[in-house]
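# prediction below, plus the sequence it came from.
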Amino acid sequence: MTDAVVWQQVIHTDRIRALAATDPTDIRVQPVDSGCWRVVDAAAAWGDPDMLLGFIERTVDGFDCTLMAALHEHDRRATLQDARAWFEHRCGQHLDEAPC
């Protein structure tokens, strides 16, 4: 196992823990530009890497969601409100565990 693979696994694990600890009521969607928003945990300290939960990007047919805890996990939603709800639903879950 290379150092890069180990580093990626550590970062991934830290992101999952941060997401699991996030209260869905603390999620904020902040505009970055006209077609992109960052999704943050408002309870995290400013500058804390755990503050960034993901991104929402406007597309031709909706809004793409990218979760920082699992960059391979994307979802497409019809509205910005639906995209925010998707992030709220992901919080408090352990993404590395199978659902009950």
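Nice, thanks for sending it over. Residues are numbered from 1 along each chain as shown.

# please count neighbours and contacts with C-alpha atoms only from this point.
OK.

# just the strands from the chain, written as ranges.
Counting by DSSP state E, one finds strands in the chain at the ranges 27-33, 36-41, 52-59, 62-67, 74-77.

# what's the angle between the second one and strand 27-33?
For the pair strand 36-41 and strand 27-33, the angle between their directions (axes from the mean of the first three to the mean of the last three C-alpha atoms, to 10 degrees) equals 150 degrees.

# equivalent analysis for the longest one, please.
Using the same axes, to 10 degrees, the inter-axis angle of strand 52-59 relative to strand 27-33 is 50 degrees.

# run the angle between strand 52-59 and strand 62-67 for me.
On the basis of the same axes, to 10 degrees, strand 52-59 is oriented at 160 degrees to strand 62-67.

# pairing partners for strand 52-59, with directions?
Here strand 52-59 has these sheet partners by DSSP bridges: strand 36-41 (antiparallel), strand 62-67 (antiparallel).

# hang on, isn't residue 45 packed against residue 52?
No. Checked against C-alpha atoms under 8 Å, the pair residue 45 and residue 52 is beyond contact range at 10.6 Å.

# neighbour count winner among those two?
Taking other C-alpha atoms under 10 Å, residue 45 and residue 52 do not tie; residue 52 has more neighbours (23 against 10).

# can I get the strands of the chain in a markdown table with distance to residue 91 and mean pLDDT?
What follows is these, written out as a markdown table (distance: least, C-alpha to C-alpha, whole Å; pLDDT from 0 to 100):
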| stretch | distance to residue 91 | mean pLDDT |
| --- | --- | --- |
| strand 27-33 | 9 | 93 |
| strand 36-41 | 10 | 93 |
| strand 52-59 | 9 | 93 |
| strand 62-67 | 10 | 94 |
| strand 74-77 | 15 | 92 |
